[in-house]
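Chemist: fold the following, please.
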Amino acid sequence: MAHPKRTSRQVVSEKRKPKATRNAGILLHITSLPSNFGIGNLGIGARKFVDFLARSQQYYWQLLPLNPVTAEQGYSPYSSICGMAGNAMLISPEELASDGLVRIENIPPIKPDKVNFSIVRRLVEKILSTAYQNFLARGKQKDQFHTFCEREAYWLDDFANYVMIKKYHNNNPWYNWPREYKVKREKTIQQFSKSNEGHIRYIKWLQFIFFTQWRKLKSYANERGVQMFGDLPFYVSYDSADVWAHDEIFNIDKKGKMTGIAGVPPDYFNKNGQLWGMPTFDWKKLQERKYDWWVQRLRKNMELFDLLRLDHFRAFADFWEVPANQKTAINGEWKPGPGKNFFSSLQREFGHLPFIAEDLGDINEAVYQLRDRFNFPGMKVLQFAFGDSMSSSAYIPHHYTSNFFVYTGTHDNNTTRGWFEKNIPKQTRLQIADYIGKPVNEKNISVELARLAYSSVAKTVIVPMQDILGLDASARMNTPASIKNNWLWRMSPEKLNKGVEDRLAEWTNLYDR
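Modeler: Predicted coordinates for the structure are as follows:
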């Protein structure tokens, strides 16, 4: 006898499961959300997506980093100018309007299929400048803003000074500034800050608004049973407030030049490896300081998110360091990371550590031991499971144990449909069909891999929104080692329909998530 299908409306009324049980979520960055302003933001579109997640019985919303992005770093959220600040381009004009700071009807809508960061930046800067002038004229929230500046001064002062000094020096990177600014001479910085007090206050106000809107969105999600799942890059950009203000904890010489550059050796993505152009950490110095900068950074991110993915977890065990004179990552060497001492220190500081280990790529036993010593869930990616070594692959579901997060693909992978169409040979396609037990093609591969993830023993399944929608390679979010056409994809509003909701809710019920 067939069982009646339960819709998302029926399922959502049931009590949400606690964290420890099986669950599911969606990977979608804020920038990809629908909006009238050329980029997704923290306002109406984000709340509608939360509602969609709740109706679909999704427990997690996984996002990419929310830190500021710039053209110099290709707008990558993984190469930010500050590891603690928020991206002002994500501030919602609708929320500003609801606070009486702007008039939406005066803003012409832009709705491109892809994010055009240069156009968005100019539009948002104009909106935010108007909102700030109205904020000053109104006089409301002044006390909250003052409290925010005092509470966040440990990173906010350096960030605001860095942004303003960079602007003063024609947007040049800090390591090309005149010496008195580059070495952060206290008297010079104080005089500059005092002379540019109004501009610096505006930079701080943008952060106040960003975090105010973020807290409202997170509360909205949590009240509806949705947990916010963040992503913490291991490194920060060479040209960043962090490196400028804390150069002593990075492998940088007295002239501000990098002596060790971060990257990874040749791998699945690139035969030359990846040279990231970011300085490696001086872990000996950090240990002497009880990892103070990392503790502050993690505390800040743990305030923002319910769960954190530690990107490039491999580097906590050992990291690939390339000499500064190299043009590729091939001639680097493995150096020891902070290891168990680092996480033991964090346990003493925070107690519970709500972390997921990104344990992908060239991994050794030391990485697994570090992950398991602290009981961090690891990651499985189904796109990595198929090929010559499928039956013995660590990514194939018949080898899973429960303490993992399983993905069809990540933001660094092609979409599953794009992968099927462009990245694998016919033999692998036939292998997938044999494993699943039914024919697969470009139209059903995304659904079938998602079902495979849902049915696995892994305690959590995360599916990128592009795979839920069955989109092709044109919707790919990022291509590692490439600096073009990344972080641009946007979702059209009609994609969040009842059919998608019901399918996700049905899977969640069917596979006890």
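Chemist: pretty sure Lys271 is in a helix, no?
Modeler: No - counting by DSSP: H, G, I helix; E, B strand; the rest coil, Lys271 is not found in a helix; it is coil.
Chemist: give me the neighbour count for Ala221.
Modeler: The criterion is other Cβ atoms under 10 Å. On that basis, Ala221 has 22 neighbouring residues. Where C-beta positions appear, they are placed from N, C-alpha and C, glycine not excepted.
Chemist: also Gln427?
Modeler: Neighbours around Gln427, by other Cβ under 10 Å: 10.
Chemist: can you tell me the element it falls in?
Modeler: Gln427 belongs to helix 426-436 when elements are defined using DSSP states H and E.
Chemist: reduced to three states, what does Phe159 come out as?
Modeler: With three-state DSSP as the criterion, Phe159 reads helix.
Chemist: so what's the residue count around it?
Modeler: Residues near Phe159, counting by other Cβ under 10 Å: 25.
Chemist: in contact with it, which residues?
Modeler: Residues near Phe159 by Cβ atoms under 8 Å, 6 or more residues apart in numbering: 82, 84-85, 203, 207, 241.
Chemist: nearest residue to it in space, please, no chain neighbours.
Modeler: Taking Cβ to Cβ, 6 or more residues apart in numbering, and ignoring the residues beside it in sequence, Phe159 has Ala241 as its nearest neighbour in space, at 4.5 Å.
Chemist: check the gap between the one you found and Asn134 for me.
Modeler: Using Cβ to Cβ, to the nearest Å, Ala241 is found at 28 Å from Asn134.
Chemist: neighbour count: the two, which is higher?
Modeler: Just comparing Ala241 and Asn134: by other Cβ under 10 Å the higher neighbour count belongs to Ala241, 28 against 16.
Chemist: which residues touch that one?
Modeler: With Cβ under 8 Å, 6+ apart as the criterion, the residues that contact Ala241 are 81-82, 85, 155, 158-159, 162-163.
Chemist: could you redo the last one with a cut-off of 6 Å?
Modeler: 82, 158-159, 162 (Cβ atoms under 6 Å, 6 or more residues apart in numbering).
Chemist: which one of those sits closest to Glu358?
Modeler: Glu358 lies nearest to Cys82 out of the contacts of Ala241, by Cβ to Cβ, at 21.2 Å.
Chemist: just give me the neighbour total for that closest one.
Modeler: Tallying neighbours of Cys82 according to other Cβ under 10 Å, which is how burial is gauged here, yields 26.
Chemist: how about Pro439?
Modeler: Other residues near Pro439 number 11, with proximity taken as other Cβ under 10 Å.
Chemist: secondary structure class for it?
Modeler: Pro439 carries the three-state label coil when classified by three-state DSSP.
Chemist: touching, it and Ile432? I think so.
Modeler: No - at 9.8 Å, Pro439 and Ile432 do not qualify as touching, with contact defined as Cβ atoms under 6 Å.
Chemist: just to revisit the earlier point, farthest-apart pair in the contacts of Phe159, please.
Modeler: The most widely separated members of these are Met84 and Ile203, with 13.5 Å between them, by Cβ to Cβ.
Chemist: same drill for the two, tell me which one is more crowded.
Modeler: For Met84 and Ile203, the more surrounded residue by other Cβ under 10 Å is Met84, and the numbers stand at 24 against 19.
Chemist: how about the nearest residue to the more buried one, chain neighbours excluded?
Modeler: Ranked by Cβ to Cβ, 6+ apart and with sequence neighbours excluded, the top spatial neighbour of Met84 is Trp155, at 4.3 Å.
Chemist: which SSE is that neighbour in?
Modeler: With DSSP H and E as criterion, Trp155 is part of helix 153-168.
Chemist: same question for Ala505.
Modeler: Taking DSSP H and E as the criterion, Ala505 maps to helix 498-510.
Chemist: list the buried residues of that helix.
Modeler: Buried residues in helix 498-510, defined by neighbour count with 16 or more other Cβ atoms under 10 Å: 500-509.
Chemist: distance between it and the chain's centre?
Modeler: Average the C-alpha atoms of helix 498-510, do the same for its chain, and the two points are 26 Å apart (Cα atoms, centre = their mean, to the nearest Å).
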